[in-house]
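Asker: model this:
(one chain, ligands or ions: 1)
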Amino acid sequence: MSDQVVTRFAPSPTGYLHIGGARTALFNWLYARGRGGKFLLRIEDTDRARSTPAATAAILQGMAWLGLDHDGEVISQFERAPRHAEVALDLLAQGKAYKCFSTQDEIAAFREAAKAEGKSTLFHSPWRDADAGTHPDAPFVIRIKAPLDGKTVIRDEVQGDVTIGNDQLDDMVLLRSDGTPVYMLAVVVDDHDMGVTHVIRGDDHLNNAARQMMIYDAMGWPVPVWAHIPLIHGADGKKLSKRHGALGAQEYQVMGYPAAGMRNYLSRLGWSHGDDEFFTDAQALEWFDLSGIGKSPARFDTKKLENLSGQHIAASDDAALQRELIAFLEAAGLPALTDVQNATLVKAMPFLKERAKTFPELLEKAQFALTSRPVQVDEKAAKALDTENRALLAQLTPHLQNDSWDRDSLEAKLNDFAEQNDTKFGKLAGPLRAALAGRAVTPSVFDMMLVLGPDETLARITDVAI
Ligand code: GLU
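Answerer: Numbering: from 1, shown residues only. Below is the predicted model of the structure:
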């Protein structure tokens, strides 16, 4: 057997990719990719009433946004039902499972009686050891023979050893009377057949692990490494819910968080590497391990997400950021950039990306570059364009002609001009901001002039000068 790591993400397609699911997918992706392993995707679509193709598409989109690429085909659990049934029949043939003809009424009566006697209400089927000759010609389910005594130990990489008395385990149904496999069987057979070595999932599945181990043991299959991760809570310490705001991973794309920032943030939700908060994908891949996963629920903290997001925007390569910004506009249903806007943004990116926590913030700073003449001047900025200042701008324009257009010369020129006019550069900044951006709060005047270039800068100043 190869010792290659194989992980999987196994979402149920009943809605969008939520934050918890995205974090589970990320952990599995990091664990596998960081070890040269495989990361597989299985859609657990056995609940036909609740599973929709739209939800599967949304999950795939969410993963694509987060860059969580999976190996091989997407596996549909539903389509593997015949294989699941085959395993149930195999266990039946091996005598490790049996046909149970008990009706719902009989089971209910058993439970009532057990309750009245103060005994465990776990159903004990009278058919467990029945002779096949006594089998009626009636509908039946196939049940596994649960161990009657002893205990089951889930050796969990996060929770430690979790011991469950086998008297807690019932002869669970593997195959329903209509021949359809139960979910618990499907998960085990799929994980086995897919060669999954590590199951990293929410700790709401911890109890399932004990039941799933019965099937592994009965089939003589190796049990995967378990890592049940604590759920995510809201800032108030309560289980994350709609009340806490956005739950869908892609809602964060629409809010303008870069995927790298989101990955960084999600990886810190329940996992840590010393005091490191900001890190690159390469570092996360190198550092991620199961021992760094904490036992208590992580708290979702929007401030922290914003902070990491800003750091990732600042650290991003300009061209990559431009591409992601374009994808953001599309995801958010905002108008696409024109060629001119794109070209101007490329020039502005080096300083725009400093201090923008999200793409909307970056676009807000980029407003001067995205707008075109005549520049709309807002009320606040208009105050800087009184007659005196407009005349000042008129005097300034000749000084900006035919000269080198670099930061040092522009600074020198504007300072000289201010001095000649018995004023300070600060006095010029307001009217220039208003002329170039139509706003009172803008990026630095020099940054704007450099991005706009001499022609556009002069044209915008001339538009408001008198
Ligand atoms: N389909 C399950 C869920 O979405 C995951 C099962 C598993 O990871 O074993 O919660």
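
Asker: need the contact list for residue 278.
Answerer: Taking CB atoms under 8 Å, 6 or more residues apart in numbering as the contact definition, residue 278 lies against 264, 308, 311-312. (C-beta placed from N, C-alpha, C; glycine too.)

Asker: tell me where the model's unsure across the chain.
Answerer: For the chain, applying pLDDT under 70 flags the ranges 1-2, 402-403.

Asker: which parts of the stretch 101-250 of the chain sit against the ligand?
Answerer: With the criterion set to CB under 6 Å from any ligand atom, the stretch 101-250 of the chain comes near the ligand through 187, 201, 205.

Asker: so which bits of the helix ranked longest in the chain are buried?
Answerer: Ranked by residue count and defined by DSSP state H, the top helix of the chain is helix 445-464. Buried residues in helix 445-464, defined by neighbour count with 16 or more other CB atoms under 10 Å: 445-452, 454, 456-458, 460-461, 464.

Asker: still on that earlier bit, which among the residues of the stretch 101-250 of the chain next to the ligand count as buried?
Answerer: Taking 16+ other CB under 10 Å as the criterion, what is buried in those is 187, 201.

Asker: now, the residues of the stretch 101-250 of the chain next to the ligand that are in strands?
Answerer: Under the assignment DSSP state E, those contribute residue 201 to strands.

Asker: all strands for this structure, in order.
Answerer: 6-9, 38-43, 75-76, 97-100, 141-144, 151-156, 160-165, 173-175, 198-202, 225-229, 232-233, 298-299.

Asker: columns distance to residue 259 on top of these, output as TSV?
Answerer: Below are the strands of the chain laid out as TSV (distance: least, CB to CB, whole Å):
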stretch	distance to residue 259
strand 6-9	16
strand 38-43	16
strand 75-76	24
strand 97-100	46
strand 141-144	43
strand 151-156	30
strand 160-165	34
strand 173-175	41
strand 198-202	20
strand 225-229	21
strand 232-233	19
strand 298-299	20
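
Asker: out of these, nearest to residue 378?
Answerer: strand 298-299 (39.1 Å; CB to CB).

Asker: helices or strands up against that closest one?
Answerer: Where contact means 3 or more CB pairs under 8 Å, 6 or more residues apart in numbering; DSSP states H and E, strand 298-299 is packed against strand 232-233.

Asker: residue 233 reaches residue 300, doesn't it?
Answerer: Yes: counting by CB atoms under 8 Å, residue 300 is a contact partner of residue 233 at 7.0 Å.

Asker: where do the contact lists of the two overlap?
Answerer: Residues touching both residue 233 and residue 300 (CB under 8 Å, 6+ apart) are residue 240.

Asker: between those two, which one's more packed in?
Answerer: Set residue 233 next to residue 300 and count neighbours by other CB atoms under 10 Å: residue 300 wins out with 23 against 18.

Asker: can you name the residue of the stretch 101-250 of the chain nearest the ligand?
Answerer: Distance from the ligand to each residue of the stretch 101-250 of the chain (CB to the nearest ligand atom) is smallest for residue 201, at 3.7 Å.

Asker: give me the beta-bridge partners of that residue?
Answerer: Assessed by DSSP bridges, residue 201 has beta-bridge partners residue 228.

Asker: what sits against it?
Answerer: Neighbour list for residue 201: 10, 24, 227-229 [criterion: CB under 8 Å, 6+ apart].

Asker: swap the cut-off to 10 Å and go again
Answerer: 7-10, 21, 24, 27-28, 187, 208-209, 226-229 (CB atoms under 10 Å, 6 or more residues apart in numbering).

Asker: likewise for residue 285?
Answerer: 29-35, 267, 279.

Asker: restricted to helices, list the residues you listed.
Answerer: Per DSSP H, helices hold the following members of the contacts of residue 285: 29-33, 267.

Asker: just put the residues you listed in TSV and tack on neighbour count and distance to residue 362.
Answerer: Output for these, formatted as TSV (neighbours: other CB atoms under 10 Å; distance: CB to CB, whole Å):
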residue	neighbour count	distance to residue 362
29	27	27
30	25	27
31	22	32
32	25	33
33	20	29
267	25	23
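
Asker: who in the stretch 301-450 of the chain is up against the ligand?
Answerer: Neighbours of the ligand within the stretch 301-450 of the chain, by CB under 6 Å from any ligand atom: none found.

Asker: show me where the stretch 301-450 of the chain has its helices.
Answerer: Using DSSP state H, counting those that start in this stretch, the helices of the stretch 301-450 of the chain run over 302-315, 318-331, 339-352, 359-365, 367-370, 379-382, 387-396, 407-420, 425-437, 445-464.

Asker: kindly report the same for the stretch 151-300 of the chain.
Answerer: For the stretch 151-300 of the chain, helices defined by DSSP H, counting those that start in this stretch occupy the ranges 183-193, 206-219, 249-254, 259-267, 281-287.

Asker: other SSEs contacting the longest one?
Answerer: Using 3 or more CB pairs under 10 Å, 6 or more residues apart in numbering; DSSP states H and E as the contact definition, the elements that helix 206-219 packs against are helix 81-93, strand 141-144, strand 151-156, strand 160-165, strand 173-175, helix 183-193, strand 198-202, strand 225-229.

Asker: which parts of the longest one are buried?
Answerer: In this case it means helix 81-93. 81, 84-85, 87-88, 91-92.

Asker: I'd like those residues laid out as CSV, including distance to residue 136.
Answerer: CSV is the format used below for the buried residues of helix 81-93 (distance: CB to CB, whole Å):
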residue, distance to residue 136
81, 26
84, 25
85, 21
87, 25
88, 20
91, 21
92, 17
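
Asker: what's the closest residue to residue 301 other than its chain neighbours sitting at in phi/psi?
Answerer: The spatial neighbour of residue 301 that comes closest, neighbours along the chain excluded (CB to CB, 6 or more residues apart in numbering), is residue 235 at 6.2 Å. Residue 235 adopts backbone torsions of phi -60, psi -30, taken as degrees, to the nearest 10.

Asker: output stretch 249-268 as PDB, nothing but the C-alphas.
Answerer: Extracted in PDB, the C-alpha atoms of stretch 249-268 (Å, rounded to 0.1, in the frame of the first residue of the first chain):
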ATOM      1  CA  ALA A 249     -18.200  31.500   1.400                       C
ATOM      2  CA  GLN A 250     -19.000  33.300  -1.800                       C
ATOM      3  CA  GLU A 251     -20.700  36.100   0.000                       C
ATOM      4  CA  TYR A 252     -17.200  37.000   1.100                       C
ATOM      5  CA  GLN A 253     -16.100  37.200  -2.500                       C
ATOM      6  CA  VAL A 254     -19.000  39.600  -3.200                       C
ATOM      7  CA  MET A 255     -18.000  41.700  -0.200                       C
ATOM      8  CA  GLY A 256     -14.600  42.000  -1.800                       C
ATOM      9  CA  TYR A 257     -12.200  39.900   0.200                       C
ATOM     10  CA  PRO A 258      -9.400  38.400  -1.800                       C
ATOM     11  CA  ALA A 259      -9.200  34.600  -1.900                       C
ATOM     12  CA  ALA A 260      -5.700  34.500  -0.400                       C
ATOM     13  CA  GLY A 261      -6.900  36.600   2.500                       C
ATOM     14  CA  MET A 262      -9.900  34.400   3.000                       C
ATOM     15  CA  ARG A 263      -7.800  31.200   2.900                       C
ATOM     16  CA  ASN A 264      -5.400  32.700   5.400                       C
ATOM     17  CA  TYR A 265      -8.300  33.700   7.700                       C
ATOM     18  CA  LEU A 266     -10.100  30.400   7.400                       C
ATOM     19  CA  SER A 267      -7.000  28.400   8.100                       C
ATOM     20  CA  ARG A 268      -6.600  30.400  11.400                       C
END
